[in-house]
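Trainee: after the sequence you'll find the predicted model.
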Amino acid sequence: MTDESLNDDRSSVSSSHSSASGDLDMKQYSPLIDSSNPLAVEREFITDRSREEDRQDPFYKKYTERMRWFDVLNHERTSEISVILNRQAGNIRGSIFESMKLPADMSVPKMERRLWKSLESDFELVYVAQSCLSWEALHHQYRKVEALASSSSQNGVFYDNVAGEFQKFQVLLERFMEDEMCESGKRNWNYVRARFSLRSLLQVPVVSGFHEQENEEIKREAIHVKEVMEAIERSILAYWEFIKTDGRKTWRKSMRSSLWTWPTVENPRDLWLQADLTRKLQRKELWLKESPGKLRRWLRRSVEPTLEESQKKEMLFTMIDLKLVSRVLQMSVLSTSQLKWCQEKLDDIAFTEGKIARACTGGPLFPP
């Protein structure tokens, strides 16, 4: 491949990324995804199912828009690799991902290595971003159902098969992890390949169809609100296993190996912020590691038995947040908006008198 053709490919990569960035509301999809594509049809199906809920829940609406934004980025980068490798578009699913490896041969032209690094960075962004987005949506849906379960309408039911949808979410994650055990390669590649083929992977379901009491006129099966909450809790545990099994080395190890390389931040002015966030993360991780004893002592002093279960739950949610922040800080390239997202996540977590205090809001969605 000549440097001239590689320059053309790099121009294609840059122009498609900027066009996607300029259309955050996702009202227009990429021309690479047409109505004859089954993946596009599936996306439209997901969109149609959530449209009514979107009107009622702005947070969920923004979540689905961001997920679609990164799906478009994933599809565009996969198509660009197909062009680079001179493969037919119809063969993308079967063979393209097997070729998605950064050339190890140092004789490969410098421009080609840069192009592959750029594409690899974008695929990493898709994986990390959608992992963060789906946790934020999963946490949001759990808090939403938890509020319904603890409200005056404790006899509330769902007529949409919400529990079943979260069970599917859980099963797909567990199946992905089982399949990944038999595969080689980075989590990034394994995830973008699976998401490219199955858009429901890591797609948090809509929570809709709630009624304060059973309605005999509705002929569908009623599911109690607490059953739905339990289904979401099982999904959260599956998600926790999903991010724990990301085999990437820890931030501290990767930081040692990259001390003498170029900065990972897009803006050099963010180097101080990056270092500060790393220190904050390490302090909070250390507190969490030592927290079981502190938590037990605090719980012995508490009066309400329900507080123990509540603090265990908050500890799990905090571990997930810190794991995600750690993973974002390990990305090959970091933007200012991504660092700000990490900052808000860490600022929302506090440890007071041996217990965890988290902000009531879930914070901002991961930026595109």
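Mentor: On my side now, so go ahead.

Trainee: which stretches in this protein count as helices?
Mentor: For the chain, the helices defined by DSSP state H cover 3-21, 38-56, 58-84, 92-95, 110-150, 162-180, 187-197, 225-244, 251-257, 271-301, 306-329, 336-347.

Trainee: can you redo these as CSV with mean pLDDT and distance to residue 205?
Mentor: The C-beta positions use only the backbone N, C-alpha and C, and glycine is treated the same way. Formatted as CSV, those follow (pLDDT from 0 to 100; distance: least, CB to CB, whole Å):
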stretch, mean pLDDT, distance to residue 205
helix 3-21, 50, 25
helix 38-56, 47, 9
helix 58-84, 90, 10
helix 92-95, 47, 25
helix 110-150, 89, 8
helix 162-180, 95, 4
helix 187-197, 91, 16
helix 225-244, 94, 9
helix 251-257, 45, 32
helix 271-301, 78, 29
helix 306-329, 87, 18
helix 336-347, 96, 24
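
Trainee: out of those helices, the one nearest residue 353 is which?
Mentor: Across the helices of the chain, residue 353 has its closest neighbour in helix 271-301 (6.5 Å, CB to CB).

Trainee: so which of the helices of the chain is nearest residue 264?
Mentor: Using CB to CB as the measure, helix 271-301 is the one of the helices of the chain that comes nearest residue 264, at 7.4 Å.

Trainee: re the thing from before, redo the helices of the chain as JSON lines? Include distance to residue 203 and mean neighbour count.
Mentor: Formatted as JSON lines, these follow (distance: least, CB to CB, whole Å; neighbours: other CB atoms under 10 Å):
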{"stretch": "helix 3-21", "distance to residue 203": "19", "mean neighbour count": "14"}
{"stretch": "helix 38-56", "distance to residue 203": "6", "mean neighbour count": "14"}
{"stretch": "helix 58-84", "distance to residue 203": "7", "mean neighbour count": "20"}
{"stretch": "helix 92-95", "distance to residue 203": "19", "mean neighbour count": "13"}
{"stretch": "helix 110-150", "distance to residue 203": "7", "mean neighbour count": "20"}
{"stretch": "helix 162-180", "distance to residue 203": "7", "mean neighbour count": "17"}
{"stretch": "helix 187-197", "distance to residue 203": "9", "mean neighbour count": "20"}
{"stretch": "helix 225-244", "distance to residue 203": "12", "mean neighbour count": "19"}
{"stretch": "helix 251-257", "distance to residue 203": "28", "mean neighbour count": "13"}
{"stretch": "helix 271-301", "distance to residue 203": "28", "mean neighbour count": "14"}
{"stretch": "helix 306-329", "distance to residue 203": "17", "mean neighbour count": "17"}
{"stretch": "helix 336-347", "distance to residue 203": "21", "mean neighbour count": "18"}
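
Trainee: now distance to residue 354 too, for those helices, in JSON lines please.
Mentor: Output for these, formatted as JSON lines (distance: least, CB to CB, whole Å):
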{"stretch": "helix 3-21", "distance to residue 354": "44"}
{"stretch": "helix 38-56", "distance to residue 354": "39"}
{"stretch": "helix 58-84", "distance to residue 354": "32"}
{"stretch": "helix 92-95", "distance to residue 354": "52"}
{"stretch": "helix 110-150", "distance to residue 354": "23"}
{"stretch": "helix 162-180", "distance to residue 354": "32"}
{"stretch": "helix 187-197", "distance to residue 354": "35"}
{"stretch": "helix 225-244", "distance to residue 354": "23"}
{"stretch": "helix 251-257", "distance to residue 354": "26"}
{"stretch": "helix 271-301", "distance to residue 354": "4"}
{"stretch": "helix 306-329", "distance to residue 354": "10"}
{"stretch": "helix 336-347", "distance to residue 354": "19"}
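
Trainee: and residue 210, which of the ones you listed is closest to it?
Mentor: Among the helices of the chain, the nearest to residue 210 by CB to CB is helix 110-150 (6.3 Å).

Trainee: the inter-axis angle of the closest one versus helix 187-197?
Mentor: Relative orientation of helix 110-150 versus helix 187-197 (axes from the mean of the first three to the mean of the last three CA atoms, to 10 degrees): 70 degrees.

Trainee: could you list every helix and strand in contact with helix 110-150?
Mentor: Counting contacts by 3 or more CB pairs under 8 Å, 6 or more residues apart in numbering; DSSP states H and E, helix 110-150 is packed against helix 3-21, helix 58-84, helix 187-197, helix 225-244, helix 306-329.

Trainee: for stretch 136-145, C-alpha coordinates in PDB please.
Mentor: Below are the C-alpha coordinates for stretch 136-145, written out as PDB (Å, rounded to 0.1, in the frame of the first residue of the first chain):
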ATOM      1  CA  GLU A 136     -25.200   4.700  33.400                       C
ATOM      2  CA  ALA A 137     -28.500   3.600  31.800                       C
ATOM      3  CA  LEU A 138     -28.600   0.400  33.800                       C
ATOM      4  CA  HIS A 139     -28.100   2.400  37.000                       C
ATOM      5  CA  HIS A 140     -30.700   4.900  36.000                       C
ATOM      6  CA  GLN A 141     -33.300   2.200  35.200                       C
ATOM      7  CA  TYR A 142     -32.600   0.500  38.500                       C
ATOM      8  CA  ARG A 143     -33.100   3.700  40.500                       C
ATOM      9  CA  LYS A 144     -36.200   4.400  38.600                       C
ATOM     10  CA  VAL A 145     -37.800   1.000  39.400                       C
END
